[in-house]
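1. Here's a sequence, model it:
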Amino acid sequence: MERESSRKKFALKRLPLEEYFSPGHRGCQGCGITIAFRHILKAMGPNTVIAEATGCGQVISSPYPQSAWRVPWIHTAFENAAATAAGIEAAYKALMRKGRIAEERINVVALAGDGGTADIGLQALSGALERGHDLVFICYDNEAYMNTGIQRSGLTPFGASTTTSPAGRFSKGQSTWKKDMLAIVAAHRIPYVATASISHIRDLYEKVTKAVEARGPAYLHIFTTCPTGWRCPPDKSVEIARLAVETGVFNLFEIVEGQKRLTYKVSKRRPVDEYLKAQGRFRHLTDEDIAYIQKRLDEEYEELLGQSGGPVGGY
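-> Down below sits the predicted model:
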């Protein structure tokens, strides 16, 4: 169940003016991660503690001796953001129980990229969810290991060219489809699971709020454009993220206590070639390849529409 919320439905004009993620970070121009971080913290407020795994988000925000974080923040190893956050949550709970600190709501957050979530961090994430820690795990998904040279991850999309899945004479780039992290996480039967994107701020803000207010673990998967790794213009970062939603490449939905629903239904989806052709990482794809991807996306979207409003298996 969700905690009762005193917040009214979010309106853009009510966006908090306070900035808890400093504009003095070292992110690339058009970096989707920094957009996500800024609005996550606006939604959560100052009473937040973050454990962040090694990755792009950590490197650009904490060049010693500086920090872009205006809330308590801990850098943790690549694989254990969830474990560190779980320890923080357990420590606060014990201190409050013993009367060492006042009882209050503290937002404990684990942050990790797609590699630190779906690959090297999956074990720690599963453990934290299974144990029921009251925390929010947020994956910022830029679809590759961008910090170390654009290597493929378990969330790199089919057909994308990376340094470890290069397109060439005998290769179409990434040969597998993105790992279904939302299904994996939902299988743990946690209270709240959702996708979000930097292109739909109202939707993102409301989902962060719901995740914070959920009793027990919550999981947010945020689509964050990477102009450097995706080989696209920095000023098109949000536009490309919006295309991902409007083409069905990245759908916006939530699973609340096992009930799945679309939070942004596209009445008429745009063809996927508009999204693919806007990025250099897909420039090698043929019309036949694009048609294959379109067919797959059409099938997945129809399946999602059929599930919307109903229970997810396992709950």
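2. I'd like the mean pLDDT over stretch 171-185, please.
-> Stretch 171-185 shows a mean pLDDT of 96.
3. which residues touch it?
-> Residues from elsewhere that reach stretch 171-185 (C-beta atoms under 8 Å, 6 or more residues apart in numbering): 117-118, 122, 125-126, 129, 139, 143, 152, 154-162, 165-167, 193, 195, 219, 221, 255, 281-282, 284-285, 289, 296. All C-beta spots, glycine's among them, are computed from the backbone N, C-alpha and C.
4. Of those, keep whichever come out buried.
-> 117-118, 122, 125, 129, 139, 143, 152, 154-162, 165, 167, 193, 195, 219, 221, 255, 281-282, 284-285, 289 (16 or more other C-beta atoms under 10 Å).
5. could you point out which element follows the lowest-mean-pLDDT helix or strand in the chain?
-> When the helices and strands of the chain are compared on mean pLDDT, DSSP states H and E, strand 171-172 comes out lowest with a mean of 92. Using DSSP states H and E, the helix or strand that directly follows strand 171-172 along the chain is helix 181-186.
6. Now that following helix - C-alpha only, CSV.
-> Output in CSV follows, covering the C-alpha atoms of helix 181-186 (Å, rounded to 0.1, in the frame of the first residue of the first chain):
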residue,chain,number,x,y,z
MET,A,181,14.3,-5.3,-16.1
LEU,A,182,10.7,-4.3,-15.3
ALA,A,183,9.5,-7.9,-15.4
ILE,A,184,12.5,-9.1,-13.4
VAL,A,185,11.9,-6.5,-10.7
ALA,A,186,8.1,-7.0,-10.7
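7. what packs against whichever helix or strand comes after it?
-> Per DSSP H and E, helix 181-186 leads on to strand 192-197 as the next helix or strand towards the C-terminus. Here strand 192-197 touches helix 181-186, helix 201-213, strand 218-223, helix 237-247, strand 253-256, going by 3 or more C-beta pairs under 8 Å, 6 or more residues apart in numbering; DSSP states H and E.
8. low-confidence ranges in the stretch 201-315 of the chain?
-> Across the stretch 201-315 of the chain, the ranges flagged by pLDDT under 70 are 313-315.
9. let's see 90
-> For the stretch 201-315 of the chain, applying pLDDT under 90 flags the ranges 267, 306-315.
10. Spit out the contact partners of the closest residue to V193 other than its chain neighbours.
-> Leaving aside its sequence neighbours, V193 sits nearest to I255 (C-beta to C-beta, 6 or more residues apart in numbering; 4.2 Å). Contact analysis of I255 by C-beta under 8 Å, 6+ apart lists 182, 186, 192-194, 312.
11. could you measure F170 against R189, distance?
-> Computed as C-beta to C-beta, to the nearest Å, the F170 to R189 distance reads 43 Å.
12. Break down the chain into its strands, ranges please.
-> Secondary structure of the chain (DSSP state E): strands at 48-53, 73-76, 107-113, 136-141, 167-168, 171-172, 192-197, 218-223, 253-256, 259-262.
13. Could you give the bridge partners of the closest residue to S62 other than its chain neighbours?
-> Nearest residue to S62 in three dimensions, chain neighbours excluded: H75, at 6.1 Å (C-beta to C-beta, 6+ apart). According to DSSP bridges, the partner residues bridging H75 are E52.
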